[in-house]
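Asks: Need the 3D shape of this:
(one chain, ligands or ions: 3)
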Amino acid sequence: MSLVIKGASLLGETSADLYVDDAGVLVDSAPAGAATIDAEGLVALPGLVDLHTHLREPGREDAETILTGSQAAALGGYTAVLAMANTSPVTDTAEAATRVWELGREAGLVHVQPVGAVTRGLGGEELAELGLMNRSRAGVTVFSDDGRCVHDARVMRRALEYVKAFGGVVSQHSQDPALAGPAACCHEGELSGRLGLPGWPGIAEEVIVARDVMLARHTGSRVHVAHVSTAGSVEVVRWAKAQGISVTAEVTPHHLLLTTDLLTGYDPTFKVNPPLRPQEDVEALRAALADGTIDAVATDHAPHARHDKEHAFVDAAFGMLGLETALGVVRTAVPDLSWADVARVMSVTPARIAGLADQGQALAPGSPAHVVLVDPDATVTVDREASASLSRNNPWHGRELGARVVHTVYGGRVTVRDGVLA
Ligand SMILES: NC(=O)N[C@@H](CC(=O)O)C(=O)O
Ligand SMILES: [Zn+2]
Ligand SMILES: [Zn+2]
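Replies: Ligands and ions are numbered 1, 2, ... in the order given. Here you go, the predicted model:
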């Protein structure tokens, strides 16, 4: 169905009408018989693109499915998500990747792009079917063992060499398993000692980031640093970019706003990997996002069923929800980012990193109509029960966040209207 989106402010700047034809493409005049969306006072951005989502299907459909995760994504203003490979079974074959891609198409609410595992079964030893996944219908270009670090430098080197042939990228969960021991569950510092929780030191992230940028330089390949959490990692990425090394980095909304002090109540909702860090790290991450050292915001949406999360802190699963709140958290954490910057870090650059040619495009005739319309002045008080996700591990429950996603349009289809699924 064709659409006229009336009076939106494009990237928070000039006001204009957007016209969508019945093929779901932006055109330069109103198609006959088009339905109208009144977007007066709303900001229009290209649909958001999430480089890092856990959808839990196949295997843990009690925590999230491709459909419910797609719904949460649409409500958050997303039109594409990259679905991490740590499902059960793992996305480590062309067949598995194609299945995720197909289920995403059936849900039809966002583009679901599978991430392929780097190693078979996330085992860290034998490379997965990287080439076959790339040549499958899913066209996988991003590979990650996320949840685990590709810690063997030789395996990482071979993966980088392999994906270089087809312009792929390895997204690394940077965590040296020797420096952050198996029980590590909270930022290592004065507070972890006081709480009696095993620490996960920032250096365990930084040594892997440093190693990987050198491997990227050596192989001439491309590495992406998932969920950067420390000032030290930011320094390494800044240095590597200055050398011309092909490295990109993402930060999560929660690492931009929450700190390790929240752990004093031992609430497992705040247990996440990498852990929440001190305020100095949060400040460094905000500055790095603003100056372009960090390329993108990625949610690391990590739904978990109650019986995996409601445990003593040390035993609870790592991870928190993020898709529905990401934009509001970014507005709240870094209010000085312009809307054009928000579009850059949440849509344009993530689409480019993932090689999604159809996403993150300018809101101009000829582009596919992937659009999010945001009320820039509204605030939202988060209610964890009012969520499309099947899980409730929402660290933002009860918080007031800036901006509100009002409408989302995916390929000309209205997926969210007035803040609810259409
Ligand atoms: N971030 C998390 O705390 N958890 C993720 C894994 C990961 O991103 O490392 C998950 O799959 O639950
Ligand atoms: Zn991870
Ligand atoms: Zn993750």
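Asks: Give the full set of residues in contact with Y162.
Replies: 127, 130-131, 168 (CB atoms under 8 Å, 6 or more residues apart in numbering). Backbone N, C-alpha and C define where each C-beta goes, glycine included.
Asks: where does this structure come near ligand 1, residue by residue?
Replies: Contacts of the chain with ligand 1, taken as CB under 6 Å from any ligand atom, map to 54, 86, 146-147, 173, 272-273, 300, 302, 318-319.
Asks: Throw these into TSV and include neighbour count, secondary structure and pLDDT, thanks.
Replies: Below are these laid out as TSV (neighbours: other CB atoms under 10 Å; DSSP: H, G, I helix; E, B strand; the rest coil; pLDDT from 0 to 100):
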residue	neighbour count	secondary structure	pLDDT
H54	27	coil	99
N86	21	coil	99
D146	25	coil	98
G147	18	coil	98
H173	23	coil	99
V272	25	coil	98
N273	20	coil	98
D300	30	coil	99
A302	26	coil	99
F318	18	coil	98
G319	23	coil	98
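Asks: Next, give me the two most distant ones among these.
Replies: Using CB to CB, the pair of the residues of the chain next to ligand 1 lying farthest apart is N86 and V272, separated by 14.7 Å.
Asks: Any buried residues in the longest helix along the chain, and which?
Replies: Under DSSP state H, the helix in the chain containing the largest number of residues is helix 202-219. Residues 202-217, 219 are the ones in helix 202-219 that count as buried (16 or more other CB atoms under 10 Å).
Asks: same check, this time on stretch 62-69
Replies: For stretch 62-69, by 16+ other CB under 10 Å, it's 63-69.
Asks: Farthest-apart pair in those residues, please.
Replies: Of all pairs in those, the most separated under CB to CB is A63 and L67 at 13.0 Å.
Asks: residues touching whichever residue of the stretch 101-250 of the chain sits closest to ligand 3, list them.
Replies: Nearest residue of the stretch 101-250 of the chain to ligand 3, counting by CB to the ion: D146, 4.4 Å away. Contacts for D146 (CB under 8 Å, 6+ apart) come out as 52, 84-86, 115, 171, 173, 226.
Asks: restrict those residues to contacts with ligand 3.
Replies: Counting by CB under 5 Å from the ion, nothing from these sits close to ligand 3.
Asks: Nearest to L257 among those residues?
Replies: Proximity of the contacts of D146 to L257 was ranked by CB to CB; the top entry is H52 with 16.8 Å.
Asks: tell me which element the closest one falls in.
Replies: strand 48-53 (DSSP states H and E).
Asks: tilt between the helix or strand that that strand is followed by and strand 48-53?
Replies: Toward the C-terminus, strand 48-53 is succeeded by helix 66-75 as the next helix or strand (DSSP H and E). Going by axes from the mean of the first three to the mean of the last three CA atoms, to 10 degrees, helix 66-75 is angled at 140 degrees with respect to strand 48-53.
Asks: Is any residue of helix 66-75 near ligand 3?
Replies: No: judged by CB under 5 Å from the ion, helix 66-75 and ligand 3 are separated, with a smallest distance of 12.9 Å.
Asks: That helix - what's its average pLDDT?
Replies: For helix 66-75, mean pLDDT rounds to 99.
Asks: so how far is it off the chain centroid?
Replies: Distance, stretch centre to chain centre, for helix 66-75: 13 Å (CA atoms, centre = their mean, to the nearest Å).
Asks: Could you identify the buried members of the contacts of D146?
Replies: Burial by neighbour count, 16+ other CB under 10 Å: within the contacts of D146 this picks out 52, 84-86, 115, 171, 173, 226.
Asks: Nearest to ligand 2: which residue in the stretch 1-150 of the chain?
Replies: Proximity of the stretch 1-150 of the chain to ligand 2 (CB to the ion) peaks at D146, 4.3 Å away.
Asks: Please disregard the earlier target; I meant the stretch 101-250 of the chain.
Replies: Closest residue of the stretch 101-250 of the chain to ligand 2, CB to the ion: H173 (3.6 Å).
Asks: This structure against ligand 3: which residues are in contact?
Replies: Counting by CB under 5 Å from the ion, the chain sits next to ligand 3 at 146, 300.
Asks: any idea where the strands of the stretch 1-150 of the chain begin and end?
Replies: With DSSP state E, counting those that start in this stretch as the criterion, the stretch 1-150 of the chain has strands at 3-10, 15-20, 26-27, 35-38, 43-46, 48-53, 78-83, 111-114, 142-143.
Asks: about what we covered before: report the mean confidence score over the helix or strand following the longest helix of the chain.
Replies: Where DSSP H and E defines the elements, the next helix or strand beyond helix 202-219 is strand 223-225. The average pLDDT for strand 223-225 rounds to 99.
Asks: Is strand 223-225 positioned near ligand 2?
Replies: No: if you take CB under 5 Å from the ion as the test, strand 223-225 misses ligand 2, and the best it gets is 10.5 Å.
Asks: so what secondary structure elements neighbour that strand?
Replies: On a contact count with 3 or more CB pairs under 8 Å, 6 or more residues apart in numbering; DSSP states H and E, strand 223-225 meets strand 169-172, helix 202-219, strand 247-251.
Asks: quick one: buried residues of stretch 145-152?
Replies: Neighbour-count burial for stretch 145-152 [16+ other CB under 10 Å]: 145-151.
Asks: returning to that earlier point: can you tell me which of the buried ones among the contacts of D146 lies nearest to G244?
Replies: S171 (20.2 Å).
Asks: if I read this right, the closest one contacts H224, doesn't it?
Replies: Yes: with contact defined as CB atoms under 8 Å, S171 counts as touching H224 (4.3 Å).
Asks: which neighbours do these two share?
Replies: 51, 142.
Asks: what does this structure have sitting close to ligand 2?
Replies: 146, 173.
Asks: Would you map the helices across the chain?
Replies: 66-75, 94-107, 130-135, 153-164, 190-195, 202-219, 231-242, 253-257, 279-291, 306-309, 326-333, 339-343, 349-354.
Asks: So which of those helices is the most surrounded?
Replies: helix 66-75 (a mean of 27; mean count of other CB atoms under 10 Å).
Asks: ok, for Q175, nearest residue in space, not its chain neighbours?
Replies: For Q175, ignoring the flanking residues on the chain, the nearest one in space by CB to CB, 6 or more residues apart in numbering is C149 at 4.5 Å.
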